[in-house]
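Student: Below are the sequence and a predicted model for it; my questions follow.
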Amino acid sequence: MQTRQIGTRTVSALGLGGMPMSVREENDPERAEATIRAALDLGVTLIDTADAYSRDEDELGHNEELIAGVLRKVGLGPDDVLVATKGGHTRRGTDWDLDGSPDHLKRACRASLQRLGVDSIGLYQHHRPDPAVPYAETIGALKELYDEGLIQAAGLSNADPDQIREARGILGEALVSVQNQFSPVFRSSRPEIDLCADLGLAFLAWSPLGGMGGAGDLGSDAKPFAEVAEKHGVSPQQVALAWELALSPVVIPIPGASRPESVQDSFRATELVLDEDDVAALDVS
C-alpha cells in the first residue's frame, strides 16, 4: 500500500472514515467491527473519527468507543494505528450544532482521551469553525492542549486558506493536517490542497466519494469516471480515489464505510495507476 506523511507519522495513503458506522438511525455493531477489522487487515493505519459521530447527543462518542474497542480486541495500539479524532461539533438530539469555545474544546478533548483509552491523542482536529467564537481563541485552545501533552499533533477541519494560515501562526509545527470535503462532485477545496502542499501539511479529504449515499452516483452522474473505470476494469469509486491520490502527495482520502466490501474496494485504489490521459479527462469533468 502507498503511504503518506502526517507530521512525523507515516500512514496508509487511504484512511478509514468512521462516521457511517455510528450516525445511522440503526447501527449494526457487528458489521461495523467487521468493517474496521477489514481495513486493518488491508494495512490501514489511519482511522478518522469524532466525538460527534453518533446517532444523537445521548450516544456522544459512540464511534470513538467503537474504534477503541476493536483496536483493543486485535491488540493494536497508538503506535500501530493513528486514530485522528475531532472536537467542536455538538449534537442537539439528532441535529448538529457548534461550540468552538476553548472550554468546550478542552472538555471534549479530555472526554475523547478517556473513550479512546490513551494518555495523548495522536491527532486532534478542530471539527468546524464556530462563527460565535473568534477563530484564534479556538485554535489557542488546541495549542494549550498540545503544550500540555494531551495531543501529539493538531489538525483543522472545514477551514479556508485564511484560517489555515491563522492557525499555522498560532500552532506552528504542531499543525500537521487539514481535513476538508473533496470529491469528484465537490472540488472547491483545491486552494486548500495547494496551500497544504506549500506548508507541508497533509490534506485529509472527507467524503471523497461524494458522501453517504453518493458513492453509487459516480457510475452514472460522473461519466468520465465510469469511462476510465471501464478502461481499467475497476469500479468508478476506485478511479475517484486514485485520481485524488494523483492530485498531490499531501492528499489522503478517508472514505467512510459501513461494510467490509466497501473498504476492500476502496483500498484497491492504491494499486491503480492512472495515465496522463486519464487524469486529464478526470480533471476537466
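Tutor: Nice, thanks for sending it over. Predicted model, so just to flag it, every value in this text is computed and none were measured.

Student: Name the residues of the longest helix belonging to the chain that are buried.
Tutor: Secondary structure assigned by DSSP state H gives helix 102-116 as the longest helix of the chain. For helix 102-116, burial by neighbour count (16 or more other C-beta atoms under 10 Å) applies to 102, 104-106, 108-109, 112-113, 115-116. No exception for glycine: its C-beta is placed from N, CA and C like everyone else's.

Student: any idea which helix or strand comes after it?
Tutor: Downstream of helix 102-116, the next assigned helix or strand under DSSP states H and E is strand 123-126.

Student: hey, C-alpha coordinates of that following strand in PDB?
Tutor: Once non-C-alpha atoms are left out, strand 123-126 reads as follows in PDB (Å, rounded to 0.1, in the frame of the first residue of the first chain):
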ATOM      1  CA  LEU A 123      -4.000  13.800  16.000                       C
ATOM      2  CA  TYR A 124      -6.700  16.000  17.400                       C
ATOM      3  CA  GLN A 125      -8.700  18.200  15.000                       C
ATOM      4  CA  HIS A 126     -11.000  21.200  15.400                       C
END
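
Student: partner strands of that strand, parallel or antiparallel?
Tutor: strand 82-87 (parallel), strand 154-157 (parallel) (DSSP bridges).

Student: what does the next helix or strand after the longest one rub up against?
Tutor: The reference is to strand 82-87. Once the chain leaves strand 82-87, the next helix or strand it forms, by DSSP H and E, is strand 89-92. Identification of contacts with strand 89-92 by C-beta atoms under 8 Å, 6 or more residues apart in numbering yields 50-52, 54, 56-57, 60, 96-99, 104, 127-128.

Student: Just the buried subset of these, please.
Tutor: Judged by 16+ other C-beta under 10 Å, buried ones among the contacts of strand 89-92: 50-52, 54, 60, 98-99, 104, 127-128.

Student: any chance of the residues you listed in JSON lines, with pLDDT too?
Tutor: Converted to JSON lines, the buried ones among the contacts of strand 89-92 look like this (pLDDT from 0 to 100):
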{"residue": "Ala50", "pLDDT": "98"}
{"residue": "Asp51", "pLDDT": "97"}
{"residue": "Ala52", "pLDDT": "96"}
{"residue": "Ser54", "pLDDT": "94"}
{"residue": "Leu60", "pLDDT": "93"}
{"residue": "Leu98", "pLDDT": "97"}
{"residue": "Asp99", "pLDDT": "97"}
{"residue": "His104", "pLDDT": "98"}
{"residue": "His127", "pLDDT": "98"}
{"residue": "Arg128", "pLDDT": "98"}
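
Student: So which of those residues is the closest to Leu171?
Tutor: Comparing those against Leu171 with C-beta to C-beta places His127 closest, at 15.8 Å.

Student: who's in contact with that closest one?
Tutor: Residues in contact with His127 (C-beta under 8 Å, 6+ apart) are 50, 52, 86-89, 157-158.

Student: export those residues to TSV and tack on distance to Pro20?
Tutor: Below are the contacts of His127 laid out as TSV (distance: C-beta to C-beta, whole Å):
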residue	distance to Pro20
Ala50	12
Ala52	14
Lys86	15
Gly87	20
Gly88	20
His89	16
Ser157	17
Asn158	18
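
Student: Strands of the protein, start to end?
Tutor: Here the chain has its strands, by DSSP state E, at 3-6, 9-12, 16-17, 46-48, 82-87, 89-92, 95-98, 123-126, 154-157, 175-181, 202-206, 251-254.

Student: Touching the fifth one from outside, list them.
Tutor: Surrounding strand 82-87, the residues in contact under the criterion C-beta under 8 Å, 6+ apart are 6, 9, 11, 15, 45-52, 64, 67-68, 71, 104-105, 108-109, 112, 116, 118, 121-127, 155, 157, 177, 179, 204.

Student: circling back: with distance to Glu144 added, can I get the buried residues of helix 102-116 in CSV?
Tutor: As requested, those are exported to CSV (distance: C-beta to C-beta, whole Å):
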residue, distance to Glu144
Pro102, 8
His104, 13
Leu105, 9
Lys106, 7
Ala108, 13
Cys109, 10
Ser112, 15
Leu113, 14
Arg115, 20
Leu116, 19
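
Student: now, among the residues you listed, which is nearest to Asp28?
Tutor: Arg115 (20.1 Å).

Student: doesn't Ala68 make contact with the closest one?
Tutor: Yes - look at Arg115 against Ala68 with C-beta atoms under 8 Å: they come within range, at 6.3 Å.

Student: Let me see the backbone angles for Ser54.
Tutor: Backbone torsions of Ser54, given as degrees, to the nearest 10, read phi -160, psi 170.
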